[in-house]
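Peer 1: From the sequence below, what's the structure:
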Amino acid sequence: MAASNSSSALSSTFYLTGIPGYEEYHHWISIPFCFLYLVGITGNCSILYIVRTDSRLHEPMYYFLAMLSLTDMAMSLTPMISLFRVLWSISREIPFSVCVVQMFLIHTFSFTESSVLLAMALDRYVAICHPLRYATILTPKLIAKIGIAALLRSAIPLIPLLVRLAFFSFCHSHVLSHSYCLHQDIIRLACADIRFNVIYGMIVISMLWGMDSLGILVSYIFILHSVLRIASREGRLKALNTCASHICAVLILYVPMIGLSIVHRFAKHSSPFVHIFMAHSYLMVSPVLNPIIYSVKNKQIRQGVLHLISSRKMGSTLC
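Peer 2: This is a model prediction of the structure:
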(Lines give C-alpha, C1' and ligand atoms only; values in the text may rest on other atoms or scores of the structure.)
Protein backbone atom coordinates (compact mmCIF):
# COMPACT_ATOMS: atom_id res chain seq x y z
CA MET A 1 0.00 0.00 0.00
CA ALA A 2 2.97 2.33 0.20
CA ALA A 3 3.82 4.37 -2.85
CA SER A 4 7.41 4.08 -4.02
CA ASN A 5 7.26 6.78 -6.67
CA SER A 6 6.42 10.42 -6.31
CA SER A 7 2.82 11.31 -7.18
CA SER A 8 1.13 14.67 -7.48
CA ALA A 9 -1.48 15.62 -4.92
CA LEU A 10 -4.48 15.59 -7.25
CA SER A 11 -3.71 12.07 -8.46
CA SER A 12 -2.83 10.68 -5.03
CA THR A 13 -4.80 8.11 -3.09
CA PHE A 14 -4.36 7.75 0.64
CA TYR A 15 -4.96 4.75 2.88
CA LEU A 16 -6.74 5.13 6.19
CA THR A 17 -5.78 3.29 9.36
CA GLY A 18 -8.13 1.53 11.75
CA ILE A 19 -6.89 0.38 15.16
CA PRO A 20 -3.36 -0.99 14.59
CA GLY A 21 -2.93 -4.50 15.99
CA TYR A 22 -6.68 -4.98 16.38
CA GLU A 23 -7.67 -5.40 12.74
CA GLU A 24 -9.41 -8.74 13.38
CA TYR A 25 -11.65 -7.05 15.97
CA HIS A 26 -12.65 -4.08 13.80
CA HIS A 27 -16.21 -5.33 13.34
CA TRP A 28 -16.61 -5.61 17.11
CA ILE A 29 -14.95 -2.23 17.70
CA SER A 30 -17.49 -0.66 15.35
CA ILE A 31 -20.29 -1.52 17.82
CA PRO A 32 -19.31 1.02 20.53
CA PHE A 33 -18.66 3.59 17.79
CA CYS A 34 -22.18 3.01 16.44
CA PHE A 35 -23.55 3.40 19.95
CA LEU A 36 -21.66 6.66 20.53
CA TYR A 37 -22.81 8.08 17.20
CA LEU A 38 -26.39 7.09 17.98
CA VAL A 39 -26.20 8.75 21.42
CA GLY A 40 -24.64 11.91 19.99
CA ILE A 41 -27.10 12.25 17.09
CA THR A 42 -30.12 11.49 19.28
CA GLY A 43 -29.02 13.91 21.99
CA ASN A 44 -28.24 16.80 19.68
CA CYS A 45 -31.38 16.30 17.58
CA SER A 46 -33.41 16.29 20.80
CA ILE A 47 -31.82 19.59 21.89
CA LEU A 48 -32.59 21.15 18.49
CA TYR A 49 -36.19 19.89 18.55
CA ILE A 50 -36.79 21.12 22.10
CA VAL A 51 -35.35 24.59 21.43
CA ARG A 52 -37.38 24.87 18.21
CA THR A 53 -40.72 23.73 19.62
CA ASP A 54 -40.67 25.23 23.14
CA SER A 55 -41.42 28.96 22.91
CA ARG A 56 -40.01 29.48 26.43
CA LEU A 57 -36.57 28.58 25.07
CA HIS A 58 -36.58 31.21 22.32
CA GLU A 59 -33.87 33.15 24.11
CA PRO A 60 -30.24 33.95 23.19
CA MET A 61 -28.77 31.29 25.49
CA TYR A 62 -30.75 28.51 23.80
CA TYR A 63 -30.13 29.82 20.29
CA PHE A 64 -26.41 29.50 21.01
CA LEU A 65 -27.02 26.02 22.43
CA ALA A 66 -28.75 25.08 19.17
CA MET A 67 -25.69 26.35 17.27
CA LEU A 68 -23.48 24.20 19.49
CA SER A 69 -25.62 21.13 18.78
CA LEU A 70 -25.51 21.73 15.01
CA THR A 71 -21.73 22.15 15.12
CA ASP A 72 -21.32 19.02 17.26
CA MET A 73 -23.35 16.96 14.82
CA ALA A 74 -21.47 18.27 11.79
CA MET A 75 -18.08 17.69 13.42
CA SER A 76 -18.88 14.09 14.39
CA LEU A 77 -20.71 13.09 11.18
CA THR A 78 -18.00 14.35 8.81
CA PRO A 79 -15.57 11.43 9.45
CA MET A 80 -18.30 8.84 10.03
CA ILE A 81 -18.41 7.32 6.52
CA SER A 82 -14.65 6.83 6.23
CA LEU A 83 -14.45 5.47 9.79
CA PHE A 84 -17.03 2.75 9.20
CA ARG A 85 -15.64 1.94 5.75
CA VAL A 86 -12.40 1.06 7.51
CA LEU A 87 -13.94 -0.77 10.49
CA TRP A 88 -16.28 -2.79 8.26
CA SER A 89 -13.43 -3.64 5.86
CA ILE A 90 -15.23 -2.03 2.90
CA SER A 91 -12.31 0.10 1.77
CA ARG A 92 -9.33 1.91 3.26
CA GLU A 93 -8.71 4.08 0.19
CA ILE A 94 -9.63 7.74 0.07
CA PRO A 95 -8.85 10.03 -2.92
CA PHE A 96 -6.90 13.23 -2.26
CA SER A 97 -9.88 15.46 -3.19
CA VAL A 98 -12.22 13.68 -0.76
CA CYS A 99 -9.52 13.68 1.90
CA VAL A 100 -9.01 17.44 1.61
CA VAL A 101 -12.74 18.15 1.77
CA GLN A 102 -13.05 15.98 4.87
CA MET A 103 -10.02 17.66 6.46
CA PHE A 104 -11.46 21.09 5.68
CA LEU A 105 -14.84 20.27 7.23
CA ILE A 106 -13.38 18.67 10.37
CA HIS A 107 -11.08 21.62 11.08
CA THR A 108 -13.76 24.18 10.14
CA PHE A 109 -16.35 22.73 12.50
CA SER A 110 -13.86 22.28 15.35
CA PHE A 111 -12.88 25.95 15.03
CA THR A 112 -16.57 26.91 14.74
CA GLU A 113 -17.37 25.05 17.95
CA SER A 114 -14.68 27.03 19.73
CA SER A 115 -16.17 30.27 18.36
CA VAL A 116 -19.66 29.25 19.48
CA LEU A 117 -18.35 28.55 22.98
CA LEU A 118 -16.85 32.06 23.01
CA ALA A 119 -20.24 33.46 21.98
CA MET A 120 -21.87 31.48 24.79
CA ALA A 121 -19.35 32.92 27.25
CA LEU A 122 -20.26 36.43 26.10
CA ASP A 123 -23.93 35.49 26.46
CA ARG A 124 -23.31 34.52 30.10
CA TYR A 125 -21.35 37.74 30.64
CA VAL A 126 -24.22 39.91 29.38
CA ALA A 127 -26.82 37.88 31.31
CA ILE A 128 -24.97 38.21 34.63
CA CYS A 129 -23.24 41.58 34.31
CA HIS A 130 -25.94 43.46 32.34
CA PRO A 131 -29.19 41.55 32.99
CA LEU A 132 -31.51 44.49 32.29
CA ARG A 133 -30.02 44.97 28.82
CA TYR A 134 -29.79 41.25 27.98
CA ALA A 135 -32.69 41.10 25.51
CA THR A 136 -31.82 44.41 23.85
CA ILE A 137 -28.14 43.57 23.35
CA LEU A 138 -28.46 39.96 22.15
CA THR A 139 -31.18 40.35 19.55
CA PRO A 140 -32.03 37.47 17.15
CA LYS A 141 -30.50 39.47 14.29
CA LEU A 142 -27.20 39.87 16.16
CA ILE A 143 -27.19 36.17 17.12
CA ALA A 144 -27.64 35.18 13.45
CA LYS A 145 -24.73 37.45 12.49
CA ILE A 146 -22.56 35.91 15.21
CA GLY A 147 -23.34 32.41 13.90
CA ILE A 148 -22.47 33.33 10.30
CA ALA A 149 -19.31 35.17 11.42
CA ALA A 150 -18.20 32.14 13.49
CA LEU A 151 -18.51 29.85 10.46
CA LEU A 152 -16.75 32.22 8.04
CA ARG A 153 -14.04 33.02 10.58
CA SER A 154 -13.32 29.30 10.91
CA ALA A 155 -13.44 28.37 7.21
CA ILE A 156 -11.68 31.22 5.38
CA PRO A 157 -8.27 30.95 7.13
CA LEU A 158 -8.03 27.31 6.03
CA ILE A 159 -8.19 28.10 2.31
CA PRO A 160 -4.43 28.92 1.90
CA LEU A 161 -3.59 25.53 3.42
CA LEU A 162 -5.85 23.73 0.93
CA VAL A 163 -4.35 25.62 -2.01
CA ARG A 164 -0.85 24.79 -0.82
CA LEU A 165 -1.68 21.08 -0.45
CA ALA A 166 -2.81 20.90 -4.09
CA PHE A 167 0.76 21.64 -5.24
CA PHE A 168 2.43 19.03 -3.04
CA SER A 169 3.76 15.72 -4.27
CA PHE A 170 3.82 12.62 -2.09
CA CYS A 171 6.73 10.22 -2.38
CA HIS A 172 6.56 8.65 1.10
CA SER A 173 4.05 6.14 2.37
CA HIS A 174 0.48 7.18 1.61
CA VAL A 175 -0.82 5.57 4.79
CA LEU A 176 -2.51 8.05 7.13
CA SER A 177 -2.45 7.40 10.86
CA HIS A 178 -6.21 7.84 11.43
CA SER A 179 -9.55 6.74 10.03
CA TYR A 180 -10.10 10.21 8.60
CA CYS A 181 -7.99 13.08 7.24
CA LEU A 182 -6.28 15.75 9.33
CA HIS A 183 -3.98 18.46 8.02
CA GLN A 184 -1.04 17.55 10.24
CA ASP A 185 -1.40 13.93 9.16
CA ILE A 186 -1.29 14.74 5.42
CA ILE A 187 1.65 17.14 5.39
CA ARG A 188 3.99 14.67 7.11
CA LEU A 189 3.70 12.46 3.98
CA ALA A 190 4.64 15.23 1.53
CA CYS A 191 8.05 15.33 -0.14
CA ALA A 192 8.04 19.12 -0.27
CA ASP A 193 8.86 22.10 1.89
CA ILE A 194 6.07 22.10 4.46
CA ARG A 195 7.33 25.00 6.57
CA PHE A 196 4.57 27.31 5.33
CA ASN A 197 1.86 24.81 6.31
CA VAL A 198 3.44 24.19 9.72
CA ILE A 199 3.98 27.88 10.55
CA TYR A 200 0.72 29.12 9.04
CA GLY A 201 -1.18 26.26 10.71
CA MET A 202 0.25 27.23 14.10
CA ILE A 203 -0.71 30.87 13.46
CA VAL A 204 -4.29 29.88 12.59
CA ILE A 205 -4.57 27.71 15.70
CA SER A 206 -3.13 30.48 17.89
CA MET A 207 -5.38 33.15 16.38
CA LEU A 208 -8.59 31.11 16.54
CA TRP A 209 -8.35 28.73 19.50
CA GLY A 210 -5.98 31.07 21.33
CA MET A 211 -8.19 34.15 20.96
CA ASP A 212 -11.33 32.15 21.76
CA SER A 213 -9.87 30.67 24.94
CA LEU A 214 -8.55 34.10 25.98
CA GLY A 215 -11.97 35.65 25.32
CA ILE A 216 -13.67 32.94 27.39
CA LEU A 217 -11.19 33.48 30.23
CA VAL A 218 -11.68 37.26 30.22
CA SER A 219 -15.46 36.85 30.14
CA TYR A 220 -15.35 34.65 33.24
CA ILE A 221 -13.07 37.07 35.06
CA PHE A 222 -15.74 39.76 34.62
CA ILE A 223 -18.48 37.27 35.51
CA LEU A 224 -16.69 36.22 38.69
CA HIS A 225 -16.14 39.88 39.62
CA SER A 226 -19.88 40.57 39.24
CA VAL A 227 -20.90 37.41 41.09
CA LEU A 228 -18.71 38.24 44.09
CA ARG A 229 -20.57 41.55 44.40
CA ILE A 230 -23.91 39.76 44.89
CA ALA A 231 -24.85 40.04 48.57
CA SER A 232 -26.55 36.69 49.18
CA ARG A 233 -24.78 33.34 48.98
CA GLU A 234 -27.81 31.81 47.25
CA GLY A 235 -27.70 34.53 44.60
CA ARG A 236 -24.02 33.89 43.95
CA LEU A 237 -24.56 30.14 43.62
CA LYS A 238 -27.56 30.65 41.33
CA ALA A 239 -25.54 32.94 39.05
CA LEU A 240 -22.60 30.53 38.91
CA ASN A 241 -24.91 27.58 38.29
CA THR A 242 -26.05 29.16 35.01
CA CYS A 243 -22.42 28.90 33.83
CA ALA A 244 -21.75 25.32 34.92
CA SER A 245 -22.92 23.66 31.70
CA HIS A 246 -20.90 26.04 29.58
CA ILE A 247 -17.73 25.51 31.62
CA CYS A 248 -18.11 21.73 31.19
CA ALA A 249 -18.61 22.17 27.42
CA VAL A 250 -15.43 24.27 27.22
CA LEU A 251 -13.41 21.64 29.09
CA ILE A 252 -14.61 18.67 27.03
CA LEU A 253 -13.70 20.48 23.80
CA TYR A 254 -10.33 21.94 24.78
CA VAL A 255 -8.89 19.07 26.83
CA PRO A 256 -9.01 16.44 24.01
CA MET A 257 -8.00 19.13 21.50
CA ILE A 258 -4.92 20.10 23.48
CA GLY A 259 -4.13 16.44 24.12
CA LEU A 260 -4.26 15.62 20.38
CA SER A 261 -2.01 18.58 19.53
CA ILE A 262 0.53 17.53 22.17
CA VAL A 263 0.54 13.93 20.94
CA HIS A 264 1.02 14.99 17.32
CA ARG A 265 3.87 17.37 18.05
CA PHE A 266 5.72 15.93 21.03
CA ALA A 267 4.85 12.22 21.13
CA LYS A 268 5.30 11.18 17.52
CA HIS A 269 6.97 7.91 18.52
CA SER A 270 4.33 6.87 21.05
CA SER A 271 2.05 3.90 20.45
CA PRO A 272 -0.27 4.27 17.41
CA PHE A 273 -3.14 3.34 19.72
CA VAL A 274 -2.54 6.58 21.68
CA HIS A 275 -2.81 8.66 18.50
CA ILE A 276 -5.97 6.85 17.41
CA PHE A 277 -7.60 7.16 20.84
CA MET A 278 -6.85 10.89 21.11
CA ALA A 279 -8.03 11.56 17.55
CA HIS A 280 -11.40 9.90 18.10
CA SER A 281 -11.82 11.50 21.54
CA TYR A 282 -11.25 14.88 19.88
CA LEU A 283 -14.24 14.38 17.56
CA MET A 284 -16.65 12.29 19.63
CA VAL A 285 -16.45 13.46 23.25
CA SER A 286 -18.15 16.84 22.71
CA PRO A 287 -21.08 15.61 20.54
CA VAL A 288 -21.83 12.80 23.00
CA LEU A 289 -21.39 14.64 26.30
CA ASN A 290 -22.72 18.14 25.55
CA PRO A 291 -26.40 17.11 25.24
CA ILE A 292 -26.07 14.99 28.39
CA ILE A 293 -24.48 17.84 30.36
CA TYR A 294 -27.10 20.40 29.29
CA SER A 295 -29.91 17.92 29.96
CA VAL A 296 -28.62 17.31 33.49
CA LYS A 297 -27.52 20.83 34.45
CA ASN A 298 -30.14 22.99 32.69
CA LYS A 299 -33.63 22.85 34.19
CA GLN A 300 -35.49 23.99 31.06
CA ILE A 301 -33.69 21.53 28.78
CA ARG A 302 -34.17 18.74 31.34
CA GLN A 303 -37.89 19.43 31.49
CA GLY A 304 -38.04 19.51 27.69
CA VAL A 305 -36.29 16.14 27.44
CA LEU A 306 -38.61 14.58 30.04
CA HIS A 307 -41.63 16.00 28.23
CA LEU A 308 -40.35 14.65 24.91
CA ILE A 309 -39.80 11.17 26.40
CA SER A 310 -43.20 11.11 28.13
CA SER A 311 -45.03 12.27 24.99
CA ARG A 312 -43.35 9.54 22.94
CA LYS A 313 -44.26 6.92 25.54
CA MET A 314 -47.86 8.17 25.53
CA GLY A 315 -47.91 8.03 21.71
CA SER A 316 -46.56 4.47 21.65
CA THR A 317 -49.12 3.43 24.27
CA LEU A 318 -51.99 4.83 22.21
CA CYS A 319 -50.71 3.01 19.13
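Peer 1: Quick check on the residue nearest to the spatial centre of the chain: phi, psi?
Peer 2: Relative to the mean C-alpha position of the chain, the nearest C-alpha, by C-alpha atoms, centre = their mean, is the one of Ser110, at 4.0 Å. The phi and psi torsions at Ser110 (degrees, to the nearest 10) take the values phi -70, psi -40.
Peer 1: so what's Tyr25 up against?
Peer 2: Neighbouring residues of Tyr25 by C-beta atoms under 8 Å, 6 or more residues apart in numbering: Ile19. Every C-beta, even on glycine, is put in place using the N, C-alpha and C of the backbone.
Peer 1: Beyond the helix or strand hosting Leu36, next helix or strand please.
Peer 2: If you go by DSSP states H and E, Leu36 is part of helix 26-53. Helices and strands here follow DSSP H and E; after helix 26-53, the next one along the chain is helix 60-77.
Peer 1: Can you tell me which helices and strands that following helix packs against?
Peer 2: In this structure, helix 60-77 packs against helix 26-53, helix 96-129, helix 140-155, helix 272-297, helix 299-318, with contacts taken as 3 or more C-beta pairs under 8 Å, 6 or more residues apart in numbering; DSSP states H and E.
Peer 1: Can you tell me which of those is most buried?
Peer 2: Among these, judged by mean count of other C-beta atoms under 10 Å, the one packed with the most neighbours on average is helix 96-129 (a mean of 22).
Peer 1: could you point out which element follows it?
Peer 2: Taking DSSP H and E as the definition, the helix or strand that follows helix 96-129 towards the C-terminus is helix 134-137.
Peer 1: For that following helix, which helices and strands make contact with it?
Peer 2: Counting by 3+ C-beta pairs under 8 Å, 6+ apart, the elements that helix 134-137 packs against turn out to be helix 96-129.
Peer 1: Measure how the helix it packs on sits relative to helix 60-77, angle-wise.
Peer 2: Between the axes of helix 96-129 and helix 60-77, defined by axes from the mean of the first three to the mean of the last three C-alpha atoms, to 10 degrees, the angle is 160 degrees.
Peer 1: angle of the helix holding Leu36 against helix 60-77?
Peer 2: Orientation check (the same axes, to 10 degrees): helix 26-53 against helix 60-77 gives 160 degrees.
Peer 1: buried sites along the helix or strand where Pro256 lies?
Peer 2: Secondary structure assigned from DSSP H and E places Pro256 in helix 233-266. Neighbour-count burial for helix 233-266, counted by 16 or more other C-beta atoms under 10 Å, picks out 236, 239, 242-243, 245-250, 252-254, 256-257, 259-261, 263-264.
Peer 1: Output the contacting helices and strands for it.
Peer 2: Helices and strands touching helix 233-266, by 3+ C-beta pairs under 8 Å, 6+ apart, are helix 96-129, helix 211-228, helix 272-297.
Peer 1: could you dump those helices to a markdown table with distance to Ile199?
Peer 2: Output for the helices and strands packed on helix 233-266, formatted as a markdown table (distance: least, C-beta to C-beta, whole Å):
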| stretch | distance to Ile199 |
| --- | --- |
| helix 96-129 | 16 |
| helix 211-228 | 18 |
| helix 272-297 | 22 |
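Peer 1: Enumerate every residue touching the spatially closest residue to Met67 that is not a sequence neighbour.
Peer 2: In space, and not counting its chain neighbours, Met67 is closest to Val116: 4.9 Å by C-beta to C-beta, 6 or more residues apart in numbering. The neighbours of Val116, taking C-beta under 8 Å, 6+ apart as the test, are Phe64, Met67, Leu68, Thr71, Gly147, Ala150.
Peer 1: go with 6 Å
Peer 2: With contacts defined as C-beta atoms under 6 Å, 6 or more residues apart in numbering, Val116 is in contact with Met67, Leu68, Thr71, Ala150.
Peer 1: ranking the residues you listed by neighbours, who comes first?
Peer 2: Scoring these on neighbours with other C-beta atoms under 10 Å, the highest-scoring entry is Thr71 at 28 neighbours.
Peer 1: I'd say that one and Ser110 touch.
Peer 2: No - the pair Thr71 and Ser110 fails to qualify as a contact (C-beta atoms under 6 Å) at a distance of 8.6 Å.
Peer 1: shared neighbours of the two, anything?
Peer 2: Residues touching both Thr71 and Ser110 by C-beta under 6 Å, 6+ apart: none at all.
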